[in-house]
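Q: Any chance you could fold what I've pasted below:
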Amino acid sequence: MTPDEQLIHTFYTAFKQRDYSTMQACYADHATFSDPVFRDLNATQVRSMWEMFLVKNDRLTVEFTHVQQRGKFITARWTADYVLSSTGNPVKNIIEARFTVESGKITEHEDSFNFYRWARQALGAKGVLLGWTPFVRRRVQRSAMASLQGYIRHQTNK
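A: Numbering: from 1, shown residues only. So this is what the prediction gives:
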């Protein structure tokens, strides 16, 4: 296993153990993150996103496989089983991750998953009917960012 693959193993092992501090430490100070819900986060935002996700999802389980060096990228597949706090709906999300690592820290992290599949689970009937539309995707993205910004403000004011 390469040192970069080991870093990703450390990241996901911490995720499974609900250790957001270790997850946060895996990111460089100039890191970026993107997925279909959270677009173009900076290092502060991504660190807070994982903390928020773990704090709000006490029934979360995470599994990961296929951590592999592929040229300059590290790839992994991971699955998150959780209950979406805003709807109470159970979600099983299967995610493909791609990382860039420099000097032992994650500098770029991109997760991809089928948004419509996620929306059908997370949003229930509304997701089944409208989860494929750009309107719903944008609305979910705005709502997620508002939650994250509120979480960051709350953490800052503690």
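
Q: switch to C-alpha atoms for all contacts and neighbour counts from now on
A: OK.

Q: Find the least confident helix or strand in this protein, judged by mean pLDDT.
A: Scoring the helices and strands of the chain by mean pLDDT, DSSP states H and E places helix 125-130 at the bottom, with a mean of 82.

Q: Buried ones in that one, by neighbour count?
A: Going by neighbour count (16 or more other CA atoms under 10 Å), the buried part of helix 125-130 is 127, 128, 130.

Q: could you say what helices and strands that helix packs with?
A: helix 115-123 (3 or more CA pairs under 8 Å, 6 or more residues apart in numbering; DSSP states H and E).

Q: Can you name the next helix or strand after the strand or helix carrying residue 82?
A: Following DSSP states H and E, one finds residue 82 within strand 73-83. Sequence-wise, the next helix or strand downstream of strand 73-83 (DSSP H and E) is strand 90-102.

Q: In the top helix by length along the chain, which residues are buried?
A: Longest helix in the chain, counting residues (DSSP state H): helix 134-156. Residues of helix 134-156 classed as buried: 136, 137, 140, 141, 144, 145, 148, 151, 152 (neighbour count, 16+ other CA under 10 Å).

Q: tell me what that helix is packed against?
A: Helix 134-156 packs on helix 43-56, going by 3+ CA pairs under 8 Å, 6+ apart.
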